[in-house]
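> 3D, please:
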Amino acid sequence: MVDEPSSPFDAYCHQALELMRWRLRQYVALGESPEPIEQLEQSQAAYLASVRQLEASGAELPERRLASLFGLGPVELNSLWLATLPWVDADARALIEEASGEPWISLRICITLFARSELERKVLWLCAQRSGAFRRLGLVQLVPRDNDPNPLRHELVPSADILGLFQGMRLMSAELEPYASWARPTLSREDLSGHGATVHDNVATILEGFWAAPTEPHPHFGPGGFAQSAGIAIVLQGPDGSGKTSTMKAAAATVGAAVMVVEGEHFRDLPRQDAARCLLAMLRESALFSELVIVRNADPLVSPEQGAAALLADGLARIPAVLVLCTSNDVSLHRSLEPCIIWKERMRPPAWRDEIAGLWRTQYHALLDAPEGTLEPDFALLHSRYTLSPLKIARAVRSASFLNQPNSAGLEQTSRNQVDTEVGELAISIAAERSLEDLVLDNDLLQRVIDIIEAARNRDRVLHEWKLAQSVRTGRGLCCLFSGEPGTGKTLCAEIIAHELGLELMRINTSQLFDKYIGETEKNLERIFQRARPSTHLLLFDEADALFSKRTEVKGSNDRYSNMNVGVLLQLVESYDGVVVLTTNLKHNIDRAFERRIMFKLVFPLPEAPERERLWRLLLPEDVVPTSEAVDYEALAELEISGGEIKNAVMHAAYAAARQGKLLDNKTLLDASYRAATESGRLIRDEASEPTW
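Numbers count the residues shown, from 1 in each chain. The predicted structure is shown next:
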């Protein structure tokens with residue numbers, strides 16, 4: 001027997017199950033004694049007393065919940081209670097076997113005990129069919145026993161959520177449990193910022209209105225004859241980390257609802273039958289317990305190519321559930337979902353520097369137990385260097401807490417670790433490890449590079465806090481053109497900018513970019529900009545004149561499609577909200593329409609003698625590289641060669657010295673420098689001031 005009741009709901013449950021036991025005992029003792037009638041009256045009186053006590057406590061009867069949501073009648077509800085009995089009281093199986101000849105509950109015994117008319121028998125008979133309430137809603141499973149094909153003799157196995165409902169507990173169904181998590185959110189509106197707070201207010205009002213409205217358990221026609229689904233869907237579109245899930249959790253907390261989070265990626269490869277059962281359980285539990293279901297990464301579930309979208313739409317049409325579909329910006333929704341969608345919003349991640357700093361500060365003080373007197377990190381600087389989404393900010397702070405490094409150095413390390421570097425085969429991801437200390441330029445050009453870095457760090461403030469984004473609609477990214485001879489530091493400078501901004505250098509792989517088939521090159525270009533993230537990547541188009549060359553007069557199909565590629569690229573670069581760097585040795589070949597879209601144009605000349613000496617010292621630091629004599633940096637700097645040629649000269653000299661079994665000396669370095677200059681076709685002068693090539 002079950003334990004004695006300890007609460008109004010336990011007392012109610014105890015008495016409801018006692019009525020089921022009495023029904024079974026009455027059937028066993030039928031015609032033997034009048035005692036069952038007296039027992040029935042006593043059980044019914046106790047049951048009614050427990051109902052009044054439960055209603056006085058403010059709780060809702062499970063039967064009334066099921067009846068209002070799914071239109072179940074008395075015989076169906078009694079059958080559910082009877083099917084629950086052996087799963088909460090194992091001792092009852094002996095009584096069940098004595099009454100029915102089998103130790104499980106079937107529809108046959110339910111018909112015998114509860115059906116008093118032909119209509120009631122048909123209702124329970126219908127429950128065995130796929131269109132019946134039990135199977136259509138997934139309330140119970142009909143499990144065959146002893147290979148009996150008759151569904152009326154199959155075992156009625158209630159779903160876990162129904163068992164929990166009848167016991168005053170929250171249990172998740174077996175079909176849904178592998179794919180979902182359940183929680184009562186603790187987020188509040190104060191934890192949100194900017195656009196997220198506005199979306200929260202709208203969604204919280206929608207939830208309150210939906211759950212307060214009378215329940216419509218089936219599809220119906222509203223005013224004007226328009227079809228209305230029983231359930232509703234809210235669609236939130238936006239990039240990862242834009243606050244879709246956290247905003248919905250805060251809205252649920254505001255209205256006092258629990259949240260079930262389902263990972264949409266599970267539906268990508270899930271068999272149709274399993275997907276149908278999972279979706280049905282998800283919607284049923286949302287309706288039963290007035291919970292908000294949030295489907296993260298819902299693209300595989302809602303796109304037109306996925307059959308699961310139609311299953312979802314069919315479930316929402318019949319079940320009064322509330323579903324939030326979190327998708328990416330560019331996904332198309334299956335047409336069958338349109339009647340169910342009551343609200344659609346495009347989420348924007350927090351943009352203002354103060355908002356992001358507030359997110360950092362909230363996570364920092366919530367997760368890190370910094371010693372008293374610890375200087376708070378510069379959160380605005382962290383954001384400008386790494387531009388992390390709110391989710392990645394939380395991960396970075398949590399990682400710092402595990403590393404026990406509640407300081408700027410720890411957050412710097414964990415923030416860099418959160419930068420996503422996956423770019424695919426169309427580009428080469430390069431870890432940017434060089435800093436400004438490694439850059440040797442004249443003061444004016446160095447200041448221009450610093451201007452680019454500072455402009456990138458202050459974009460949020462200029463565009464959003466100062467609201468220039470409202471007047472400047474296009475071309476808000478930072479597009480830079482670095483021109484100059486080979487080896488003058490253009491690519492190195494791009495790497496240094498990426499490092500200073502905490503970005504990954506994404507170097508476009510032109511060998512994979514161009515395709516012989518018409519239209520494929522444009523698709524590859526679009527694919528690059530879809531994968532690149534302004535907050536993560538710096539796009540580097542090396543030797544950009546090959547991509548951004550001047551458009552020509554159309555004299556053939558090749559000219560037409562070449563011009564088309566340039567046009568597509570111009571649009572993509574202009575709409576990219578990040579940093580793009582183009583390097584070229586042939587600036588005059590760049591299309592003029594693109595050149596006007598460039599914000600920073602830097603010309604990298606050959607280094608002068610002071611810069612060349614610094615380069616030699618940087619590549620051959622004293623007391624680090626072993627040499628047979630002191631390096632004459634000033635003499636080496638007299639040779640008018642580029643930084644790239646100096647690097648090549650150092651490597652050539654080192655290999656030559658190693659081959660000869662000696663250490664580096666000035667003559668070997670000088671010979672390698674002359675050779676590097678000659679191979680580049682650069683004019684140099686010997687000691688007799690005669691030109692040498």
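> partners of the host helix or strand of Leu505, with directions?
Assigned by DSSP states H and E, Leu505 falls within strand 504-508. According to DSSP bridges, strand 504-508 forms sheet pairs with strand 427-430 (antiparallel), strand 537-541 (parallel).
> Check those for me: which has the lowest mean pLDDT.
If these are sorted by mean pLDDT, strand 427-430 sits at the bottom with a mean of 80.
> following that strand, which helix or strand comes up?
Following strand 427-430 toward the C-terminus (DSSP H and E): helix 443-457.
> That next one versus strand 537-541: what angle between them?
For helix 443-457 against strand 537-541, the angle by axes from the mean of the first three to the mean of the last three CA atoms, to 10 degrees is 130 degrees.
> Spatially central, which residue of this structure would that be?
Asp240 (4.0 Å; CA atoms, centre = their mean).
> which of the strands paired with strand 504-508 sits most buried?
strand 537-541 (a mean of 26; mean count of other CB atoms under 10 Å). For glycine as for every other residue, the C-beta is placed from the backbone atoms N, C-alpha and C.
> contact partners of it?
Residues from elsewhere that reach strand 537-541, judged by CB atoms under 8 Å, 6 or more residues apart in numbering: 423, 432, 491, 494, 497-498, 501, 503-508, 528, 532, 547-548, 576, 578-583.
> Kindly recompute the last result at 6 Å.
Here strand 537-541 makes contact (CB atoms under 6 Å, 6 or more residues apart in numbering) with 494, 498, 503-508, 532, 547, 579-582.
> With respect to Ser131, which of those is nearest?
Ala532 (50.5 Å; CB to CB).
> What's the local residue count around that closest one?
22 (other CB atoms under 10 Å).
> In contact with it: list those residues for me.
With CB under 6 Å, 6+ apart, Ala532 has these contacts: 506, 539.
> and the gap between it and Val51?
Using CB to CB, to the nearest Å, Ala532 is found at 62 Å from Val51.
> Likewise for Phe529?
Distance from Phe529 to Val51, by CB to CB: 63 Å.
> Including distance to Asn407, could the strands paired with strand 504-508 go into a markdown table?
Shown next, in a markdown table, are those (distance: least, CB to CB, whole Å):
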| stretch | distance to Asn407 |
| --- | --- |
| strand 427-430 | 29 |
| strand 537-541 | 27 |
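> For Tyr47, find the nearest of these.
strand 537-541 (66.5 Å).
> For the closest one, list the C-alpha coordinates in PDB.
The C-alpha coordinates for strand 537-541 follow below in PDB (Å, rounded to 0.1, in the frame of the first residue of the first chain):
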ATOM      1  CA  HIS A 537      37.400  37.500 -37.100                       C
ATOM      2  CA  LEU A 538      39.400  40.000 -38.900                       C
ATOM      3  CA  LEU A 539      39.100  39.300 -42.600                       C
ATOM      4  CA  LEU A 540      42.300  39.600 -44.600                       C
ATOM      5  CA  PHE A 541      42.200  39.700 -48.400                       C
END
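> Buried residues, the host helix or strand of Ala250. List them.
In the assignment (DSSP H and E), Ala250 maps to helix 244-254. Residues of helix 244-254 classed as buried: 244-254 (neighbour count, 16 or more other CB atoms under 10 Å).
> How many neighbouring residues does Leu639 have?
Leu639: 21 neighbours (other CB under 10 Å).
> Enumerate every residue touching it.
Ser673.
> And the pLDDT for it?
As predicted, Leu639 sits at a pLDDT of 88.
> Next, please give the residue ranges for the helices of the stretch 51-200 of the chain.
Assigned by DSSP state H, counting those that start in this stretch, the stretch 51-200 of the chain shows helices spanning 62-70, 74-88, 92-100, 107-114, 118-127, 133-137, 160-165, 195-212.
> Can you add mean pLDDT and mean neighbour count and give the ones you listed back as TSV?
Listed next are the helices of the stretch 51-200 of the chain as TSV, based on pLDDT from 0 to 100; neighbours: other CB atoms under 10 Å:
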stretch	mean pLDDT	mean neighbour count
helix 62-70	89	19
helix 74-88	93	22
helix 92-100	90	17
helix 107-114	91	21
helix 118-127	90	17
helix 133-137	86	21
helix 160-165	93	22
helix 195-212	91	17
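> could I get those helices as CSV with distance to Pro486?
Shown next, in CSV, are these (distance: least, CB to CB, whole Å):
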stretch, distance to Pro486
helix 62-70, 73
helix 74-88, 78
helix 92-100, 85
helix 107-114, 83
helix 118-127, 80
helix 133-137, 71
helix 160-165, 68
helix 195-212, 46
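> out of these, which comes closest to Leu312?
That would be helix 133-137 among those, by CB to CB, at 15.1 Å.
> what's the closest of the strands paired with strand 504-508 to Lys667?
strand 427-430 (35.8 Å).
> tell me which residues of stretch 666-674 are tucked away?
666, 668-670, 672-674.
> So Leu270: helix, strand or coil?
Following DSSP: H, G, I helix; E, B strand; the rest coil, the label given to Leu270 is coil.
> Now for it, how many residues are close by?
With other CB under 10 Å as criterion, Leu270 counts 18.
> same thing with Glu608?
11.
> Over to Ala656?
Around Ala656 there are 16 residues (other CB under 10 Å).
> what angle separates the helix holding Ala250 from helix 195-212?
50 degrees.
> any idea how far Gly475 is from Met599?
In terms of CB to CB, Met599 sits 8 Å off from Gly475.
> coming back round to it: looking at the buried residues of helix 244-254, spot the one nearest Leu570.
For the buried residues of helix 244-254, the nearest to Leu570 is Lys244 (31.8 Å; CB to CB).
> Could you measure from that closest one over to Ser328?
10 Å.
> for Arg612, same thing?
50 Å.
> same thing with Thr198?
Taking CB to CB, one finds Thr198 at 21 Å from Ser328.
> Then Arg277?
Distance from Arg277 to Ser328, by CB to CB: 26 Å.
> Between these two, point out the one with more neighbours.
Arg277 (20 against 14).
> Check which helix or strand the more buried one maps to.
Using DSSP H and E, Arg277 falls within helix 272-289.
> buried stuff in that helix?
275-289.
> Then stretch 455-469?
456-457, 459-461, 463-464, 469.
> can you tell me which two in those residues are farthest apart?
So for the buried residues of stretch 455-469, where distance means CB to CB, the most widely separated pair is Arg457 and Ala469, at 16.4 Å.
> from the contacts of strand 537-541, which is closest to Leu333?
Of those, the one sitting nearest to Leu333 (CB to CB) turns out to be Ala532, at 24.9 Å.
> any idea how far the closest one lies from Gln447?
Ala532 is 28 Å from Gln447, by CB to CB.
> Of the buried residues of stretch 666-674, which belong to helices?
666, 668-670, 672-674 (DSSP state H).
> picking up where we left off before, may I see the contacts of strand 537-541 arranged in CSV, with distance to Ala321 as well?
CSV is the format used below for those (distance: CB to CB, whole Å):
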residue, distance to Ala321
Ala494, 51
Ala498, 46
Leu503, 42
Glu504, 41
Leu505, 46
Met506, 42
Arg507, 47
Ile508, 46
Ala532, 37
Leu547, 50
Val579, 44
Val580, 45
Val581, 49
Leu582, 51
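> how about low-confidence regions in the stretch 301-450 of the chain?
Scanning the stretch 301-450 of the chain with the threshold set as pLDDT under 70 gives 349-355, 369-374, 384, 420-424.
> Tell me which stretches of it form strands.
322-327, 341-346, 427-430 (DSSP state E, counting those that start in this stretch).
> Can you give the distance of the shortest one from its chain's centre?
Strand 427-430 has its average C-alpha position 23 Å from the chain's average C-alpha position, going by CA atoms, centre = their mean, to the nearest Å.
> same check, this time on stretch 231-238
On CA atoms, centre = their mean, the centre of stretch 231-238 falls 15 Å from the chain's centre.
> Could you pull out the buried residues of it?
231-238.
> right, and out of those residues, which lies closest to Asp89?
Of the buried residues of stretch 231-238, the one sitting nearest to Asp89 (CB to CB) turns out to be Gly231, at 34.3 Å.
> Thank you, goodbye.
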